[in-house]
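Participant: what's the 3D shape of this:
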Amino acid sequence: MKITVLGANSYIARNLIFLLYKKISEGKDLQLYLYDLQGVQADGRKEYEQVDILDATAVKKVHFDVDIIYMFIGKTGTVDGFWNYQTFIEINEVALLHVLAEYVRRKSNAKIMYPSTRLVYNGSDNKIYEDGKKQFLTVYAMNKYACEQYLEMYSRMFGVKYCILRICVPYGTMVPGAYSYGTAEFMLKKAENGEDITIYGEGAARRSIIHIEDLCETLVRSAFSSACFNDAYNVGGEDYSLLEMAKQVAGKYSVGVVHVQWPDEALKIETGSTVFASDKLDEVIQYESRHTFREWILVGSF
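Facilitator: Next comes the predicted model:
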């Protein structure tokens, strides 16, 4: 099986590549083609080539004669998207459109695996299903949903194959130095430095959280599954409030949890609770998570 990974130096991609090489070492017949903007791949993988996906001409260097294309090129952010909107639109939307256009020109038959976000949903105290109400409070959230729609459009018009996985909060790493800038890592870094963990308000908002190895296994299994096709799927995990997460991390490092007032800008873009119902995906890939947040904290497997 041939696999192209675009954005090979990103947090999720580096961990996915690690897992794919592990599967190769176990006898899985995989051929990888890795691409990103930087001169070298962050973990020294030799199958890497430097490509600027924002250059439509440079996209021609990418292998499209593959079975799977993972699209990890993107720019995350909240308030900064309001001011750097052009950069957000180019890196998140134009990059995907360049890939889709070249896919069609090259008559590719690959399945595009696209990671989306919890931020496309309107928060809810109930579990959120894929058809749940959508809300876009940031430019980034709008970017991601626009990309979901581009995939559907190109599929309807040209037969592009795709699978969208909506991801809530990943944490942890299998690759030294390849961490996210998310909720868990923020709390962990504060605690490791002996600082109290600060949370906005009461910390009652709940999230679906998933260890990066479990997320990467999900990315692999859904890519390899013919049943995960031309649709969007929620990626599940454990259900924690932000306060519960903070208390577990704080307890490990004997620091405190401090409640602070919401900054006005942050409050305006806060989605509330986003706990995913992942029945649709779980039924197809039949995968049980290997990690829990509690073990990750207690064992110190960072």
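
Participant: Report the outermost residue of this structure with respect to its centre.
Facilitator: The C-alpha centroid of the chain is most remote from residue 254, which lies 30.7 Å away (CA atoms, centre = their mean).

Participant: Distance-wise, check the nearest residue to residue 236 once chain neighbours are set aside relative to residue 118.
Facilitator: In space, and not counting its chain neighbours, residue 236 is closest to residue 278: 3.0 Å by CB to CB, 6 or more residues apart in numbering. Just so you know, the C-beta spots here come from the backbone N, C-alpha and C atoms, and that holds for glycine as well. Separation of residue 278 from residue 118 (CB to CB, to the nearest Å): 12 Å.

Participant: If you count surrounding residues, which of these two has more?
Facilitator: The residue with more neighbours, out of residue 278 and residue 118, is residue 278; 24 against 21, by other CB atoms under 10 Å.

Participant: what bridges to the most centrally placed residue in the chain?
Facilitator: The centre of the chain sits closest to residue 115, judged by CA atoms, centre = their mean, with a distance of 5.0 Å. Per DSSP bridges, the residues bridged to residue 115 are residue 165.

Participant: what's the distance between it and residue 129?
Facilitator: Shown here: residue 115 relative to residue 129, a distance of 19 Å by CB to CB.

Participant: Could you give the backbone dihedrals for the residue farthest from the centre of the chain?
Facilitator: Phi and psi for residue 254, reported as degrees, to the nearest 10, are phi 60, psi 50.

Participant: if I look at it, how far off is residue 162?
Facilitator: Residue 254 sits at a distance of 47 Å from residue 162 (criterion: CB to CB).

Participant: likewise residue 105?
Facilitator: Distance from residue 105 to residue 162, by CB to CB: 17 Å.

Participant: Between these two, point out the one with more neighbours.
Facilitator: Between residue 105 and residue 162, counted using other CB under 10 Å, the more crowded position is residue 162 (24 against 12).

Participant: tell me the SS of the more buried one?
Facilitator: Under DSSP: H, G, I helix; E, B strand; the rest coil, residue 162 falls in the strand class.

Participant: now do residue 246
Facilitator: Applying three-state DSSP: residue 246 is helix.

Participant: ok, which stretches of the stretch 151-300 of the chain are helices?
Facilitator: Here the stretch 151-300 of the chain has its helices, by DSSP state H, counting those that start in this stretch, at 183-192, 212-224, 242-253, 264-268, 279-285, 293-299.

Participant: how near is the closest residue to residue 260 other than its chain neighbours to residue 105?
Facilitator: Leaving aside its sequence neighbours, residue 260 sits nearest to residue 198 (CB to CB, 6+ apart; 5.2 Å). With distances taken as CB to CB, residue 198 is found 50 Å from residue 105.

Participant: got it, and residue 20?
Facilitator: On the measure of CB to CB, residue 20 and residue 105 end up 27 Å apart.

Participant: what does residue 5 give?
Facilitator: Computed with CB to CB, the distance linking residue 5 and residue 105 is 21 Å.

Participant: returning to what we had before: tell me the contacts of the residue nearest to residue 236?
Facilitator: Contacts for residue 278 (CB atoms under 8 Å, 6 or more residues apart in numbering) come out as 208, 233-237.

Participant: Sort out which of the residues you listed are in strands and list them.
Facilitator: Taking DSSP state E as the definition of strands, the contacts of residue 278 contribute 208, 233-234.

Participant: of those residues, closest to residue 298?
Facilitator: Closest to residue 298 out of the ones in strands among the contacts of residue 278 is residue 208 (20.6 Å), distances taken as CB to CB.

Participant: Next, count neighbours for residue 217.
Facilitator: Other residues near residue 217 come to 20 when the count uses other CB under 10 Å.

Participant: ugh, wrong one, I meant residue 51
Facilitator: By the criterion of other CB under 10 Å, residue 51 has 19 neighbours.

Participant: my read: it touches residue 57, true?
Facilitator: No. With contact defined as CB atoms under 8 Å, residue 51 does not count as touching residue 57 (10.4 Å).

Participant: Beta-bridge partners for the residue nearest to residue 260, please?
Facilitator: With DSSP bridges as the criterion, residue 198 is bridged to residue 258.

Participant: for this protein, what are the low-confidence residue spans?
Facilitator: Low-confidence segments of the chain (pLDDT under 70): 300-302.

Participant: the strands in it, which residues?
Facilitator: Counting by DSSP E, the chain has strands at residues 2-6, 31-36, 48-50, 68-71, 111-117, 161-167, 169-171, 197-200, 206-211, 232-234, 238-241, 257-260.

Participant: Check which helices and strands the fourth one sits against.
Facilitator: Helices and strands touching strand 68-71, by 3 or more CB pairs under 8 Å, 6 or more residues apart in numbering; DSSP states H and E, are strand 2-6, helix 95-105, strand 111-117, helix 212-224.

Participant: Since that was my last question, I'll sign off now.
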